[in-house]
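*Asks:* Could you look at this predicted model? Sequence included:
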Amino acid sequence: SQLAEENPWALSVHEGESVTVNCSYKTSITALQWYRQKSGEGPAQLILIRSNEREKRNGRLRATLDTSSQSSSLSITATRCEDTAVYFCASYQGGRALIFGTGTTVSVSP
Amino acid sequence: EAAVTQSPRNKVAVTGGKVTLSCNQTNNHNNMYWYRQDTGHGLRLIHYSYGAGSTEKGDIPDGYKASRPSQENFSLILELATPSQTSVYFCASGVLRVSYEQYFGPGTRLTVL
């Protein structure tokens, strides 16, 4: 069963607009990460937020973490066509590997 | 240059045949992982390794074997391939307790006919 889940399943925006992807997880975590996977590539980390942090920024990206509700969000401002990808949240719970959600497909059109 | 590479990038195999997927990493990470990715399931962990000579079962190991002959190389072996193993396979390396990050290869698309 999935221990992390993103929503919505898919989003479409136009260039320049903002988009937010949400993630819920089911157990306590050490850190939560957001990964982006472009078509034909492997996932790549975008941003890491530790359990004692509430917000993290990286350029046009902003991640939030609410450990009380076990949820996180990733916002992308001023989107570009090259932001088109699948976005995953991944949690590290002190175990053997990251736990990935099923992903949100974000499509950015001109 | 890419730190995690996979070969082949695409593979067509026949049911019952043997398939070996290879992964090489230059990150000098102890840990390596094999995932498969299917629509609706995200990334699922098949096998992983803590270092040369070690392999461990992940969440869906049935039908797969793994081999870690060196720090750099980690192989996934399908002894008797089945159509249900048609998928995209990703290899990754990482030191989770230090950086929490996994570094992925570009993937291998496997089709079993």
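*Replies:* All right, it came through fine.
*Asks:* hey, let's count contacts and neighbours off CA atoms from now on
*Replies:* OK.
*Asks:* Chain A contacts on chain B?
*Replies:* Contact residues (Cα under 8 Å from any Cα of the partner chain) of chain B with chain A: B:33, B:40-44, B:90, B:96-97, B:100-107.
*Asks:* quick one, what contacts the closest residue to chain A within chain B?
*Replies:* Relative to chain A, the nearest point of chain B is B:G42 (4.0 Å; Cα to the nearest Cα). Contacts for B:G42 (Cα atoms under 8 Å, 6 or more residues apart in numbering or on different chains) come out as A:F100, A:G101, A:T102, A:G103.
*Asks:* What count of nearby residues applies to residue 98?
*Replies:* Picking chain A for this. For A:L98, the number of neighbouring residues by other Cα atoms under 10 Å in any protein chain shown comes to 23.
*Asks:* The chain in question should be chain B.
*Replies:* 7.
*Asks:* Looks to me like it is in a helix.
*Replies:* Yes - secondary structure of B:V98 (DSSP: H, G, I helix; E, B strand; the rest coil): part of a helix.
*Asks:* State the distance from it to B:N31.
*Replies:* Separation of B:V98 from B:N31 (Cα to Cα, to the nearest Å): 12 Å.
*Asks:* List the buried residues in the lowest-mean-pLDDT helix or strand in chain A.
*Replies:* Scoring the helices and strands of chain A by mean pLDDT, DSSP states H and E places strand A:4-7 at the bottom, with a mean of 75. Of the residues in strand A:4-7, A:A4, A:E5, A:E6, A:N7 count as buried by neighbour count, 16 or more other Cα atoms under 10 Å in any protein chain shown.
*Asks:* which residues does residue 57 bridge with?
*Replies:* All of this is about chain A. Taking DSSP bridges as the rule, A:R57 bridges to A:R62.
*Asks:* Chain B, not that one
*Replies:* Going by DSSP bridges, B:K57 forms beta bridges with B:H47.
*Asks:* what residues are up against it?
*Replies:* Shown in contact with B:K57 (Cα under 8 Å, 6+ apart): B:I46, B:H47, B:Y48.
*Asks:* residues touching the residue of chain A found nearest chain B, list them.
*Replies:* With Cα to the nearest Cα as the measure, A:T102 is the residue of chain A nearest to chain B, at 4.0 Å. Residues in contact with A:T102 (Cα under 8 Å, 6+ apart) are A:Q2, A:A4, A:E5, A:E6, A:F88, B:G40, B:H41, B:G42, B:L43.
*Asks:* if I read this right, the third one contacts A:W34, doesn't it?
*Replies:* No - the pair formed by A:E5 and A:W34 falls short of the contact definition of Cα atoms under 8 Å, at 11.9 Å.
*Asks:* Surely B:D59 is in contact with B:R36?
*Replies:* No - look at B:D59 against B:R36 with Cα under 8 Å: they stay out of range, at 10.8 Å.
*Asks:* Are there residues contacting both of these two? Which ones?
*Replies:* Common neighbours of B:D59 and B:R36, using Cα under 8 Å, 6+ apart, are B:R44, B:L45, B:I46.
*Asks:* give the contact list for the first one.
*Replies:* Counting by Cα under 8 Å, 6+ apart, B:R44 makes contact with A:F100, B:Y35, B:R36, B:Q37, B:D59, B:I60.
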